[in-house]
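A.B. asks: Okay, here's the prediction I keep looking at, along with the sequence it came from:
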Amino acid sequence: MRDPLPIEAQHLRLRRPREDDLQALVAARNDDDVLRWLDWAPLCSADAQSLIEEQAERAFGTPGLWQLLVIASTDDDRMLGELSLLPSHEPGEPARLAISLLPEARGQGLATDALHALMDALGGEAGFDVFQFVVDARNQPVLRLAERFGAVRTAETPALAGGEASTEVTLLLSLT
């Protein structure tokens, strides 16, 4: 598949992570408001550095490997959040999406803009016609975001998130 990065939008760009994203990436991956919804462990600087290096060398759209896309400001190119994409191994299976924003970037429509930009760039590409969100049921902003795009709830399963019992909601978004 062709590498569409960077993807330019009106108020943001989606790009690969870089060295100067290190502090923002560590902050994002250690933000309690993000960790409470995910099963990630906090990320230290050394692990963030390794992640940045791995992502720099990873071919875009590699099946079975997460692709980290930085959501960056078009004004100064600073990291505002991340959109992660997991292409499927199997044809016809959905690619998985996850999105998070740094606290100062929330509530400005940037998650919506980032998803629009990604869908516009990948729509029609093989393996990117159906997307899956797996969201903690308590994470109403992301559930509303997915549903605004037309994602349909397909399953609800018991889960642990942030050490608390919860429900995971699976949603599918078809671009066809």
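C.D. replies: Received, thanks. Note that the coordinates shown come from a computational prediction; the quantities given were computed from them, not determined experimentally.
A.B. asks: And the strands in the chain, which stretches?
C.D. replies: Ranges of strands in the chain, per DSSP state E, are 7-8, 12-15, 67-73, 79-86, 95-101, 130-136, 152-161, 164-174.
A.B. asks: so can I have a markdown table of the ones you listed showing distance to Ala41 and mean neighbour count?
C.D. replies: Using the backbone N, CA and C atoms, a C-beta is placed for each residue, glycine as well. Converted to a markdown table, the strands of the chain look like this (distance: least, C-beta to C-beta, whole Å; neighbours: other C-beta atoms under 10 Å):
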| stretch | distance to Ala41 | mean neighbour count |
| --- | --- | --- |
| strand 7-8 | 29 | 14 |
| strand 12-15 | 25 | 22 |
| strand 67-73 | 16 | 22 |
| strand 79-86 | 15 | 21 |
| strand 95-101 | 15 | 21 |
| strand 130-136 | 16 | 20 |
| strand 152-161 | 13 | 12 |
| strand 164-174 | 16 | 16 |
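A.B. asks: Of all the ones you listed, which one comes closest to Asp113?
C.D. replies: strand 12-15 (5.6 Å; C-beta to C-beta).
A.B. asks: Pull the residues that contact the closest one.
C.D. replies: 5-7, 69-74, 77, 80, 83, 110, 113-114, 117-118, 121 (C-beta atoms under 8 Å, 6 or more residues apart in numbering).
A.B. asks: now the strands of the chain in CSV, with mean pLDDT and distance to Asp31?
C.D. replies: Below are the strands of the chain laid out as CSV (pLDDT from 0 to 100; distance: least, C-beta to C-beta, whole Å):
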stretch, mean pLDDT, distance to Asp31
strand 7-8, 96, 24
strand 12-15, 97, 19
strand 67-73, 96, 14
strand 79-86, 94, 10
strand 95-101, 91, 8
strand 130-136, 92, 15
strand 152-161, 92, 14
strand 164-174, 92, 17
